[in-house]
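I'd like to go over a predicted model; first the sequence, then the structure.
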Amino acid sequence: MISRIISLSVQRRYLVLGICLLILAWGSISLYQSPLDAIPDLSDTQVIVKASFAGQPPSVVENQVTYPLTTAFLTIPGVRHVRGYSDFGNSLIYILFKEGTDPYWARSRVLEYLNQVEGRLPQGVTASLGPDATGLGWIYEYALVDKTHRYDLSRLRSIQDWFLKFELQSIHGVAQVASVGGMVTEFQVEVDPRKLLGYHIPLSKVEKAIRNSNGDVGGSVVDMGESQFMVRSRGYIRSLEDIRNIPLSLGAGGVPVRLSDV
């Protein structure tokens, strides 16, 4: 049989060369079109759920957040393992599905069960799904550097979180843009406990006053002739002076007590 194949190949050498060229062209095209990964993703289909319970120790997070979530996720069809981890103020649940499970189907099922169990979680607990990508999907890392020395780390972080991040997330194939480093812009209010005691103002009232003083409020409609004017109050905090002038209560003689007084 081998002698017959060699004889036919010699007699029809042009046909053999043509077949070889076709195979070579097919292989070259397949090489350029094949998806390649530097590190192939061989992990199972998994969905990550993160729940935040601010200020609570791991034991409380485990009993009131992690345990109810893990027991609810065990009944999802196609689940192999459910692993829960409790930390200070945070709970992480990893749901692993059977091989071949569509990741978007898995995320939709986890979200459905999460909506059912959220009513049994303590007040103030917020739970959300992780990104639809694995740890092996980290393909690019960049840094924002200000060579003009006009922006500090806080300003660079704001540019990353409120502009560049959204532009990159709109690119096809990008599942998540994670910000690392820099300084997140925040305002801290440090109160004097002795002054709060003197004005008989609890700390919870200060927190509530700051929250209520930062937001626009809609009103009614004023009819003037054939025109209608929408009424609204503009109350977003825009400067440190706005924070200092937040009213807390009324003092002696009806004089308002502001945040700057405490």
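Right, received. Where do you want to start?

what about the strands in the stretch 1-150 of the chain?
Along the stretch 1-150 of the chain, counting by DSSP state E, counting those that start in this stretch, strands occupy 46-52, 79-87, 90-97, 126-129.

Looking only at the first one, what residues are buried by neighbour count?
Read that as strand 46-52. Within strand 46-52, the residues scored as buried using 16 or more other C-beta atoms under 10 Å are 46-49, 51. From N, CA and C alone the C-beta is placed, and that goes for glycine too.

Check the strands of the stretch 1-150 of the chain for me: which has the lowest mean pLDDT.
The weakest mean pLDDT among these belongs to strand 126-129, with a mean of 86.

Any buried residues in it, and which?
If you call a residue buried by 16+ other C-beta under 10 Å, then strand 126-129 has these buried ones: residue 127.

hey, C-alpha coordinates of that strand in CSV?
Extracted C-alpha coordinates of strand 126-129, given in CSV (Å, rounded to 0.1, in the frame of the first residue of the first chain):
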residue,chain,number,x,y,z
THR,A,126,-25.6,45.8,50.0
ALA,A,127,-24.8,42.8,47.8
SER,A,128,-23.7,42.9,44.1
LEU,A,129,-22.3,40.6,41.5
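
For the helix or strand just after that strand, which outside residues touch it?
Using DSSP states H and E, the helix or strand that follows strand 126-129 towards the C-terminus is helix 153-159. With C-beta atoms under 8 Å, 6 or more residues apart in numbering as the test, helix 153-159 has contacts from 144, 146, 151, 179, 181-185.

In TSV, list the buried residues of strand 46-52 along with distance to residue 7.
Listed next are the buried residues of strand 46-52 as TSV, based on distance: C-beta to C-beta, whole Å:
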residue	distance to residue 7
46	58
47	61
48	63
49	68
51	74
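
Of those, which is the nearest to residue 12?
Comparing the buried residues of strand 46-52 against residue 12 with C-beta to C-beta places residue 46 closest, at 54.6 Å.

Tell me the bridge partners for the residue nearest to the closest one when sequence neighbours are not counted.
Among residues not flanking residue 46 along the chain, residue 96 sits closest, at 4.8 Å (C-beta to C-beta, 6 or more residues apart in numbering). As for beta bridges, residue 96 partners with residue 46, residue 81 under DSSP bridges.

Distance check, residue 96 against residue 76.
Plainly put, residue 96 is 11 Å away from residue 76 if you go by C-beta to C-beta, to the nearest Å.

And for residue 86, the neighbour number?
If you count neighbours by other C-beta atoms under 10 Å, residue 86 ends up with 23.

which residues touch it?
58-59, 61-62, 65-66.

Are any of these buried, and if so which?
Among the contacts of residue 86, those scoring as buried are 61-62, 65-66 (criterion: 16+ other C-beta under 10 Å).

With pLDDT and distance to residue 32 added, can I get the residues you listed in CSV?
Below are the buried ones among the contacts of residue 86 laid out as CSV (pLDDT from 0 to 100; distance: C-beta to C-beta, whole Å):
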residue, pLDDT, distance to residue 32
61, 88, 50
62, 90, 51
65, 90, 49
66, 91, 47
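
and these, which two are the farthest apart?
The most widely separated members of the buried ones among the contacts of residue 86, counting by C-beta to C-beta, are 62 and 65 (7.5 Å).

which residue ranges form the helices in the protein?
2-11, 13-33, 58-61, 67-73, 103-117, 153-159, 165-169, 193-199, 203-212, 240-244 (DSSP state H).

Run the chain-centre distance for the shortest one.
On the basis of C-alpha atoms, centre = their mean, to the nearest Å, helix 58-61 sits 23 Å off its chain's mean C-alpha point.

Other residues contacting that helix?
Outside helix 58-61, the residues that touch it by C-beta under 8 Å, 6+ apart are 53, 86-91.

Distance check, residue 33 against residue 27.
Taken as C-beta to C-beta, the span from residue 33 to residue 27 is 11 Å.

for residue 257, same thing?
From residue 257 to residue 27 the distance is 80 Å (C-beta to C-beta).
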